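Undergrad: model this:
(one chain, ligands or ions: 1)
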Amino acid sequence: MQLAQRMERLGTETAFEVLARAKALEAAGKSIINLGIGQPDFRTPDNIVEAAIKALRDGQHGYTPANGILPLREAVAADIRRYRNVEVNPDDVVVVPGGKVTMFFAALMFGEPGTEIMYPEPGFPIYRSVIEFAGATPVALPLYEKNGFSFSAEEVLAKITPRTRLIMLNSPANPTGGVVPKREFDRLVAGLEKHPSVAIMSDEIYGRLTYGSNPHVSLLAYPSIRDRVVLLDGWSKTYAMTGWRIGYGVWPKELAVQATRLAVNSNSCVNAATQWAAIEALNGPQDSVEKMRSAFDERRKVILRKLNQIPGFRCVEPVGAFYAMPNIEGTGLSSRELQSRLLEEAGVAVISGTSFGDHGEGYIRFSYAASTEEILEACRRIKAFLREKGKAAVA
Ligand code: PLP
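TA: Residues are numbered from 1 along each chain as shown. You can find the predicted model right below:
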């Protein structure tokens, strides 16, 4: 058998590998605390689950329009008006099986050999993977610890070349927990006005999960670039719905047609009952979202304090999503080695910063979507592990 060359360019998400290894260790009787995988540890709120059950009982089990049922796309438009204060035509919304699919479609639509697509680093690993799969050249936008893991607008603008087709951005961010301040977005947008052929994909899947003084800023809210912004969002993180597989893109008008063609050629549609559940998520009571957000906020404060008490660790305050990304250079271990030894020797699953690109060396990612007790125990185990390692080095 001979596979297409592009298969060699397809990357992966280490979080799933760490999850598999953690499960194997657990099955062998080891106690593992999983701060690796990025998903809420809450159950999907009952009203959403009930809406899906009702939809199935009502016979909603056939194909739907490839871009999603109209009441769902209308609910998305209303939600964007509510939380982003932006008017969106429901026809520009394309509902897909998860947030990831919009980034895949955007990479396929814009990327080909000879073109460049920018993406944040350290960043969600699938950005680079799908850019390379599409045959485009990935151009990393470094995010800096000293800036709270924001980018510098000047640096982004300076990397634009005649080959640049698309810039992928993500705020609030995985893996850093960083939120790009409004002034940096203002500067970026002002500069982008001079590059009218460059499109922007704004991954705002953690938009409802911010803490502290930097509120979420949507790139859809900038009129001067509105006709070339692709908004990526979904239900996975906000409503604890990672396994339901549903997300959406808001596309410039002519691209919504193209995204729908890609959907017709791949997934046909998102399963019907999930679409009805997603309507209930957006239109129903939002108190469970706030409950989850404030629980994450409590845990965020705990993990920040505890990580900064671990010798060799230094953690800037994460202000969005549910990740903390301490600098671990002071431990004397590489990120990959620390990831592997913490899992095997201390029973704590975390993800090496290098899983998010070369700029992630010197960092590891913690998902604090776990109970406070688990977070405290994980930090205690890490401290004990580093103490033992220190003793072994002296001996
Ligand atoms: N974008 C970012 C930044 C993410 O962290 C994730 C999931 O971890 C996704 C998109 C994908 O979300 P989904 O599970 O809805 O495909």
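Undergrad: Tell me the residues of the stretch 201-350 of the chain that contact the ligand?
TA: Asp203, Ile205, Gly234, Ser236, Thr242, Gly247 (C-beta under 6 Å from any ligand atom). Yep, even glycine has a C-beta here, placed from its N, CA and C like the rest.
Undergrad: I figured the fourth one hits Ala278, correct?
TA: By that I understand Ser236. No - Ser236 is beyond contact range of Ala278, at 10.7 Å (criterion: C-beta atoms under 8 Å).
Undergrad: What segments of the stretch 201-350 of the chain are strands?
TA: For the stretch 201-350 of the chain, the strands defined by DSSP state E, counting those that start in this stretch cover 229-234, 247-250, 323-324, 348-349.
Undergrad: Tell me which residues are up against the first one.
TA: Right, strand 229-234. For strand 229-234, the external contacting residues (C-beta atoms under 8 Å, 6 or more residues apart in numbering) are 80, 98-99, 102-103, 106, 199-205, 207, 218-220, 222, 246-252, 255.
Undergrad: Now list the buried members of the residues you listed.
TA: Neighbour-count burial (16 or more other C-beta atoms under 10 Å) is assigned, among the contacts of strand 229-234, to 80, 98-99, 102-103, 106, 199-205, 207, 218-220, 222, 246-251, 255.
Undergrad: Mark which of those residues are part of helices, please.
TA: Mapping the buried ones among the contacts of strand 229-234 onto helices (DSSP state H) picks out Ile80, Gly99, Thr102, Met103, Ala106, Leu255.
Undergrad: Identify the residue spatially nearest to the first one, adjacent ones excluded.
TA: Distance criterion C-beta to C-beta, 6 or more residues apart in numbering; nearest residue to Ile80, sequence neighbours excluded, is Val88 at 4.8 Å.
Undergrad: Need the per-residue pLDDT for the spatially most central residue of the chain.
TA: In the chain, the residue lying closest to the centroid (C-alpha atoms, centre = their mean) is Asn174, at 4.8 Å. With respect to pLDDT, Asn174 scores 97.
Undergrad: Likewise for Ala395?
TA: Reported pLDDT for Ala395: 63.
Undergrad: distance between the ends of stretch 212-221?
TA: In stretch 212-221, first residue to last residue: 21 Å (C-alpha to C-alpha, to the nearest Å).
Undergrad: Provide the contact partners of it at residue level.
TA: So stretch 212-221 is contacted by 80, 84-86, 88, 169, 171-172, 179-182, 185, 189, 200, 202, 204, 207-208, 210, 225-226, 229, 231, 250, 317, 319-320 (C-beta under 8 Å, 6+ apart).
Undergrad: Pull out the buried members of the residues you listed.
TA: Members of those classed as buried by 16+ other C-beta under 10 Å are 80, 84, 86, 88, 169, 171-172, 179-181, 185, 189, 200, 202, 204, 207-208, 210, 225, 229, 231, 250, 319-320.
Undergrad: State the phi and psi torsions of the closest residue to the ligand within the stretch 201-350 of the chain.
TA: Proximity to the ligand, evaluated over the stretch 201-350 of the chain using C-beta to the nearest ligand atom, is greatest for Ser236 at 3.5 Å. Dihedral pair for Ser236: phi -50, psi -50, per degrees, to the nearest 10.
Undergrad: And it, how close does it get to Ala4?
TA: As judged by C-beta to C-beta, to the nearest Å, Ser236 and Ala4 stand 30 Å apart.
Undergrad: Between the two, which has more neighbouring residues?
TA: Neighbours of Ser236 and Ala4, each counted by other C-beta atoms under 10 Å, are more numerous for Ser236; the result is 22 against 7.
Undergrad: For that one, list the residues it contacts.
TA: Residues near Ser236 by C-beta under 8 Å, 6+ apart: Gln39, Gly98, Gly99, Ile205, Thr242, Trp244, Ile246, Gly247.
Undergrad: can I get the residues you listed in TSV with pLDDT and distance to Pro311?
TA: Formatted as TSV, the contacts of Ser236 follow (pLDDT from 0 to 100; distance: C-beta to C-beta, whole Å):
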residue	pLDDT	distance to Pro311
Gln39	89	30
Gly98	98	39
Gly99	97	37
Ile205	98	34
Thr242	96	34
Trp244	98	41
Ile246	98	43
Gly247	98	40
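Undergrad: can I get those in TSV with distance to His61?
TA: Listed next are those as TSV, based on distance: C-beta to C-beta, whole Å:
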residue	distance to His61
Gln39	26
Gly98	20
Gly99	24
Ile205	27
Thr242	22
Trp244	15
Ile246	16
Gly247	21
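Undergrad: that older thread, per-residue pLDDT of the residue of the stretch 201-350 of the chain closest to the ligand, please?
TA: 97.
Undergrad: what residues do Ser236 and Ala278 have in common as contacts?
TA: Joint contacts of Ser236 and Ala278 (C-beta under 8 Å, 6+ apart) are Trp244, Ile246.
Undergrad: Around the ligand, pick out the residues from the stretch 51-200 of the chain.
TA: Gly98, Gly99, Lys100, Phe124, Asn170, Asn174.
Undergrad: Show me the two of these that sit farthest apart.
TA: Gly98 and Asn170 (15.2 Å; C-beta to C-beta).
Undergrad: picking that back up, out of the contacts of Ser236, which is nearest to Glu373?
TA: Gln39 (18.5 Å).
Undergrad: ok, for the closest one, nearest residue in space, not its chain neighbours?
TA: Thr242 (4.3 Å).
Undergrad: check contacts around that neighbour.
TA: Contact analysis of Thr242 by C-beta under 8 Å, 6+ apart lists Gln39, Pro40, Ser236.
Undergrad: If we use 10 Å, what do you get?
TA: The neighbourhood of Thr242, defined by C-beta atoms under 10 Å, 6 or more residues apart in numbering, consists of Ile37, Gly38, Gln39, Pro40, Thr44, Gly98, Gly99, Gly234, Trp235, Ser236.
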